[in-house]
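> need coordinates for the following:
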Amino acid sequence: MKAVAVHPGKAGSIHLEDLPEPRLDDVPGGRGVLVRVLSLGLDGTDREINDAKYGAPPPDSTFLVLGHESLGIVDSVGPNVTEFDQGDHVVCMVRRPGESIYDLVGRPDFTTDDVYHEHGINLLHGFLTERYVDQPENLVNVPGGLADVGVLLEPTSVAEKGVAQAYEIQRRLRVWRPRRAAVLGAGPLGLLAALLLRLRGFEVTTFGLQRAPYLNSDLIESLGARYVSTQEVSLTEGARRFGPLDLIFEATGFSPLAFEAMQVAGRNGVVVLSSVTGGDRRVEVPADAINLGFVLGNKVAVGTVNAGREDFEAGVRDLALAQAQFPGWLGRLLTNVVGSLDDYQEAFELLEAGQDTIKVAFAIAEDSPLRPLVRTAGRG
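From the prediction side, this is the model:
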């Protein structure tokens, strides 16, 4: 069975591996679910693991199978599985429980363990392969009508968690009636965050680096949101024009903007930080002004990473709502689709393609719902 893997710590080591076929009894107690992978999306995490910036193989392996944005179909189930049937579409959650109290109560995305286990990222093989087996507790049902965009569920779940955390924090106010939000970054996560905020009725301004018009800015504006290039209008000036900002969702990967966001958030505002920044960038910040603004303005900044089951399930609901409210919008995110695991080099080259490349994906199986999109790069 084919799989696309890397040797973590060795840059540019992406290659094909031959894996043994998974079996239902790999999961004890008759609780195995055998899943055939239909589609899989790539993102910057996959690229950075191939660049040897992070990642670790399972303890019994010298390589790590990549891929954490999967959509599959159930081929068979063990005798004690009642949650799924053959033919169900499923997405597998990424992080597995560790030993902290948060893991034990079902929230491994809040783990305090120093070592975590994530499929395709750290210590667990991913889904960039033909089949895998898992237990039903780790799988999320995706209605057949969402199969053509189901590969977007995992990144959607990350945006869902960030937005949900903002609402959870703002319960402190007893009454929170947010109106205006800013999304920093117009990549896949920023686009999905803008979508979720528009579905919740926010007036949304997305700040991106590139000047409009281009595909990402067109997608933002087709949601009824506003796109602003920071080459033309700074975040500080934009906040003056389009604020006050009740919620800021940062998804740029450029850490200095996090501090500017803290400065410009409105009173009782919340700043959600979602970028994973592994560099050593240093900047000077107006520490007194930021501190004073947070104290007098009752502001909050929160970091968010990964997602839990409730975020995946919320993502299913919002993908369905988006399909109804903004028909065809989600499909436009799938800009570059390759049709075989053998095309892994092409797929990773597309990750570097830049303008009008949003989501690179594999149509792994012949019956993948992404099969009609194979090699339709840069669709507008």
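
> low-confidence regions, the protein specifically.
354-355, 376-380 (pLDDT under 70).

> grab the most central residue of it for me.
The structure's the chain has its C-alpha centroid closest to residue 155; by Cα atoms, centre = their mean the separation is 2.1 Å.

> isn't there a helix covering that residue?
Yes. Counting by DSSP: H, G, I helix; E, B strand; the rest coil, residue 155 is found in a helix.

> how near is it to residue 57?
For residue 155, the distance to residue 57 under the criterion Cβ to Cβ, to the nearest Å works out to 24 Å. From N, CA and C alone the C-beta is placed, and that goes for glycine too.

> cool, residue 176 as well?
To residue 57, residue 176 is 44 Å away according to Cβ to Cβ.

> when those two are compared, which one has more neighbours?
When residue 176 is set against residue 57 and neighbours are counted by other Cβ atoms under 10 Å, the residue ahead is residue 57, at 19 against 15.

> show me where the stretch 251-380 of the chain has its strands.
Using DSSP state E, counting those that start in this stretch, the strands assigned to the stretch 251-380 of the chain run over residues 265-273, 300-303, 336-338, 360-363.

> among those, which comes closest to residue 238?
strand 265-273 (12.4 Å; Cβ to Cβ).

> who does the closest one pair up with?
As defined by DSSP bridges, the strand partners of strand 265-273 come to strand 245-250 (parallel), strand 300-303 (parallel).

> so the residue nearest to the centre of the chain touches residue 192, yeah?
Yes. Here residue 155 lies in contact with residue 192, judged by Cβ atoms under 8 Å, at a distance of 5.9 Å.

> could you check how far stretch 108-117 is from the centre of its chain?
Using Cα atoms, centre = their mean, to the nearest Å, the mean C-alpha position of stretch 108-117 is found 18 Å from that of the whole chain.

> buried ones in it?
Taking 16 or more other Cβ atoms under 10 Å as the basis for neighbour counts, the residues of stretch 108-117 that come out buried are 108, 109, 110, 111, 116, 117.

> what's it in contact with?
Taking Cβ atoms under 8 Å, 6 or more residues apart in numbering as the criterion, the residues outside stretch 108-117 that touch it are 95-103, 122-124, 161, 305-308, 311.

> repeat that for 6 Å
Contacts of stretch 108-117 from elsewhere in the structure, counted by Cβ atoms under 6 Å, 6 or more residues apart in numbering, are 95, 96, 97, 98, 100, 102, 103, 123, 124, 306, 307, 308.

> which of those residues lies closest to residue 17?
The closest of these to residue 17 turns out to be residue 124 (Cβ to Cβ; 14.8 Å).

> which residues touch that closest one?
Taking Cβ under 6 Å, 6+ apart as the definition, contacts of residue 124 comprise residue 117.

> that older thread, now render the strands of the stretch 251-380 of the chain as JSON lines, adding distance to residue 253 and mean neighbour count.
As requested, the strands of the stretch 251-380 of the chain are arranged in JSON lines below (distance: least, Cβ to Cβ, whole Å; neighbours: other Cβ atoms under 10 Å):
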{"stretch": "strand 265-273", "distance to residue 253": "11", "mean neighbour count": "23"}
{"stretch": "strand 300-303", "distance to residue 253": "14", "mean neighbour count": "16"}
{"stretch": "strand 336-338", "distance to residue 253": "20", "mean neighbour count": "25"}
{"stretch": "strand 360-363", "distance to residue 253": "17", "mean neighbour count": "26"}
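
> how about those strands in JSON lines, adding distance to residue 62?
Supplementary listing: the strands of the stretch 251-380 of the chain in JSON lines, determined by distance: least, Cβ to Cβ, whole Å:
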{"stretch": "strand 265-273", "distance to residue 62": "35"}
{"stretch": "strand 300-303", "distance to residue 62": "33"}
{"stretch": "strand 336-338", "distance to residue 62": "26"}
{"stretch": "strand 360-363", "distance to residue 62": "23"}
